[in-house]
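> Here's my sequence, what's the structure:
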Amino acid sequence: MGVIDEMTETAETAEAGRLDSETLATLHRVFGYEAFRGEQEAVVDHVVAGGDAVVLMPTGGGKSLCYQIPALVRSGTGIVVSPLIALMQDQVDALRALGVRAGFVNSTQDFDERRTVEAEFLAGELDLLYLAPERLRLESTLDLLSRGKISLFAIDEAHCVSQWGHDFRPDYLALSLLGERWPDVPRLALTATATHATHREITERLNMPAARHFVASFDRPNIQYRIVPKTDPRKQLLSFLREEHAGDAGIVYCLSRASVEKTAEFLSRNGVEAVPYHAGLDAGTRAAHQSRFLREEGLVVVATIAFGMGIDKPDVRFVAHLDLPKSVEGYYQETGRAGRDGLPSTAWMAYGLNDVIQQRKLIQSGEGDEAFRRRAQSHLDAMLALCETVRCRRGQLLAYFGQDPDPAGCGNCDTCLTPPETWDGTVAAQKVLSTVVRLKRERGQKFGAGQIIDILLGKRTAKVIQFDHDQLSVFGIGEELTEGEWRGVTRQLLAQGLLAVEGEYGTLVLTEASGAVLRREREVPLRKEPKKPATAKAAGGGRGDRKTKAAAAELPEELLPAFEALRAWRAEQAREQGVPAYVIFHDATLREIATAWPTSVGQLGGISGVGEKKLATYGEGVLAVLAGLAGEASPAPSPAADGAGPGPDDWPEDEPEPEPDDWA
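Okay, here's the model as predicted:
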């Protein structure tokens, strides 16, 4: 190596060291954290050095830091492409609370407000500027950006670029122009969920062939996944909330607007404060309900999948589904909104035969060509496999996203906590299939699952008598199982592709695979239907003793008064400033403050999540709360935490079909 080469290498090494030191200093100064988590540091270093990146991290994994830190370190303004404008204000408020110069331009602003932000951008007075993808199709926006200095482009919710994804947004397809017009500006595409196929499509459609790919673990160990047989879903939900999540904030997803309305009304009537959210509500009502959810504690939102994208609420303790999601991606994205603060949370779903039939009907009757229907069917098949598995649900989720699960199981899902029993359902399957065959051959008829089960049970209902189905040879041959058990058998046959749904009435028909079962060439193992679904407590996984990494954050009883006093102080600060409580401090930070019991500003500054701006703004207030408790039975002060506590939470993720009124 020559002298010049050695000098160049030394200079590059020195520059890399300087930047590394600067990123860590920024992380501590602004966000109050001592170290990055997981892949964050590698992503930040790569982007700060000018490289493109495709980043796949779970919700709550800290994706936002991957562009926020580089935007603060690099010269210029970071441009963040965010799909929903309704939450930009909250995101900007949270950044400003940290001392970050952030702004947004969208259709909610009047002319003067937009002009002010644009002037700040051109003057180099913004660290981050949020824009919706639709706005980047305007030549006026592109002209504005060309006149300022840009440090990076961050494309959030990048899975929206995939036409096969659950959040497809056509405007994302035009974002490849960013690389064409600003080839020297690094770009990041970030998402919380993507299969290998979607991952490739993101890279191709955004024209990022040279991007480095960072894929973090999709495991969310603090979330307990549970799927229960659906009997009376609203009553099951109410019992779940009362027994495990009384007073907690959460989201309940329903398939239809009518179900959303009825469920929200049912919960409210039974003492659970709940509000509806769906596309049929006017924009003002949706905005008001969303704002309440972000700013109030303990509110439940009952919603269609239109709700969730961009929600940055760290203390969502549960996500419940009363209807089957259309895909594993959608399910993962929706459940990922729980427990962003790393504390124990629950992903709960009630699932039954009608869910399978309804989703099959929607695919067959929906718009799109045959290729689209095949893709939708494969998504549903994967979702059904997750519901029917007898193995670890978390392992099934991780395997779907191409990651290796723990072969021993996770110990924090229903199938690990209460392993399901299996049985040889071959004869039962033959009885169901034979009934479908007899109806077709002897009567030229096709019926739905209810009639099939009534025939097997030997029920002489009005419909059975009307069509003389009590004269069939299969009438009454299934009395060894209950109606619920036959519904479980039928559901699993549909899930295994041994039955199919046909027509608008959801009639059952055989498939190519059915013949092997009828000829006794194929066995049919089935999951035994539980007599009574186990609760987390009964399964040994209640909130106080779940064996997750987050469980260590649970506070001993003697520290709860300090924690609650800090929460009350935080709520007052949030009301005065008109911002969500988590913008002040996350629960995880308050827990660490209550545990460390700092007695000086210096000690408080060592708490994870307390950066310079928040220390200056809230430090004296926090210390005053603790001092006020000092005369009571408070624990002896312990040394302040060393900053190695929970890392930062990524601004939200979300999911499904954004509301047109919320677009720019």
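> looking only at pLDDT, what's the mean for stretch 202-213?
When pLDDT is averaged over stretch 202-213, the result is 91.
> gap between the two ends of it?
In stretch 202-213, first residue to last residue: 11 Å (C-alpha to C-alpha, to the nearest Å).
> If you count neighbours, what's buried in it?
Along stretch 202-213, these residues count as buried under the neighbour rule (16 or more other C-beta atoms under 10 Å): 202-203, 205-208, 211. Where C-beta positions appear, they are placed from N, C-alpha and C, glycine not excepted.
> got those as JSON lines, with distance to Pro229 columns?
Formatted as JSON lines, these follow (distance: C-beta to C-beta, whole Å):
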{"residue": "Ile202", "distance to Pro229": "37"}
{"residue": "Thr203", "distance to Pro229": "41"}
{"residue": "Arg205", "distance to Pro229": "40"}
{"residue": "Leu206", "distance to Pro229": "42"}
{"residue": "Asn207", "distance to Pro229": "47"}
{"residue": "Met208", "distance to Pro229": "44"}
{"residue": "Ala211", "distance to Pro229": "44"}
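> what stretches of the chain score poorly on pLDDT?
Scanning the chain for pLDDT under 70 picks out the ranges 1-20, 163-168, 310, 531-554, 631-664.
> taking the buried residues of stretch 202-213 one by one, which sit in helices?
Among those, DSSP state H puts 202-203, 205 in helices.
> Out of those, flag the one nearest to Glu370.
Proximity of those to Glu370 (C-beta to C-beta) peaks at Arg205, which lies at 22.9 Å.
> before we move on, the earlier item: would you mind giving the ones in helices among the buried residues of stretch 202-213 as TSV with distance to Gly60 added?
Compiled in TSV, these are given as follows (distance: C-beta to C-beta, whole Å):
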residue	distance to Gly60
Ile202	20
Thr203	24
Arg205	26
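> quick one: which of those residues is nearest to Ile452?
Each of those was checked against Ile452 using C-beta to C-beta; the closest is Ile202, at 43.7 Å.
> how far away is the closest one from Arg169?
Ile202 is 13 Å from Arg169, where distance means C-beta to C-beta, to the nearest Å.
> which pair in the buried residues of stretch 202-213 spans the largest distance?
Using C-beta to C-beta, the buried residues of stretch 202-213 span at most 12.3 Å, a distance reached by Arg205 and Ala211.
> wait, isn't Trp569 in contact with Val622?
Yes - assessed by C-beta atoms under 8 Å, Trp569 is found in contact with Val622 at 7.4 Å.
> Who has more neighbours out of those two?
Looking at Trp569 and Val622 with other C-beta atoms under 10 Å, you find the greater number of neighbours at Val622, namely 25 against 20.
> Enumerate the positions of the helix or strand containing that one that are buried.
Element membership for Val622 (DSSP states H and E) is helix 612-629. Neighbour-count burial for helix 612-629 flags 612-615, 617-619, 622-623, 625-626, 629 (criterion: 16+ other C-beta under 10 Å).
> Next, show the common contact partners of Ile202 and Arg169.
The contact sets of Ile202 and Arg169 overlap at Val161 (C-beta atoms under 8 Å, 6 or more residues apart in numbering).
> would you list every one of the strands in the stretch 151-300 of the chain?
Using DSSP state E, counting those that start in this stretch, the strands of the stretch 151-300 of the chain run over 187-191, 212-215, 223-229, 249-253, 274-277, 300-303.
> what's the distance between the fourth one and the middle of its chain?
Think strand 249-253. 11 Å (C-alpha atoms, centre = their mean, to the nearest Å).
> Are there helices or strands packed against it, and which ones?
Under the contact definition 3 or more C-beta pairs under 8 Å, 6 or more residues apart in numbering; DSSP states H and E, strand 249-253 sits against strand 300-303, strand 316-321.
> which one of those has the most crowded surroundings?
When those are scored by mean count of other C-beta atoms under 10 Å, the highest mean neighbour count falls to strand 300-303 (a mean of 27).
> any idea which element Pro530 lies in?
Using DSSP H and E, Pro530 sits within no helix or strand.
> I'd guessed it sits against Pro229; true?
Yes - with contact defined as C-beta under 8 Å, Pro530 counts as touching Pro229 (6.7 Å).
> Looking at those two, which one has more neighbours?
For Pro530 and Pro229, the more surrounded residue by other C-beta under 10 Å is Pro229, and the numbers stand at 18 against 14.
> what comes up buried for stretch 184-201?
185-195, 198-199, 201.
> now, the most widely separated pair of the residues you listed?
Pairwise distances across these peak at 28.5 Å for Val185 and Thr195 (criterion: C-beta to C-beta).
> Which strand or helix spans Asp355?
Using DSSP H and E, Asp355 maps to helix 353-365.
> Helix or strand next in line after that helix, which one?
helix 370-388.
> Mind listing what's buried along that following helix?
375-376, 379-380, 382-384, 386-388.
> Give me the angle between the helix or strand following that helix and strand 223-229.
Where DSSP H and E defines the elements, the next helix or strand beyond helix 370-388 is helix 393-400. Comparing the axes of helix 393-400 and strand 223-229 via axes from the mean of the first three to the mean of the last three C-alpha atoms, to 10 degrees yields an angle of 100 degrees.
> Please list the outside residues in contact with helix 393-400.
Outside of helix 393-400, the residues within contact range by C-beta under 8 Å, 6+ apart are 195, 217-219, 225, 227, 328, 332, 382, 385-386, 389, 404-407, 409-410, 412-416.
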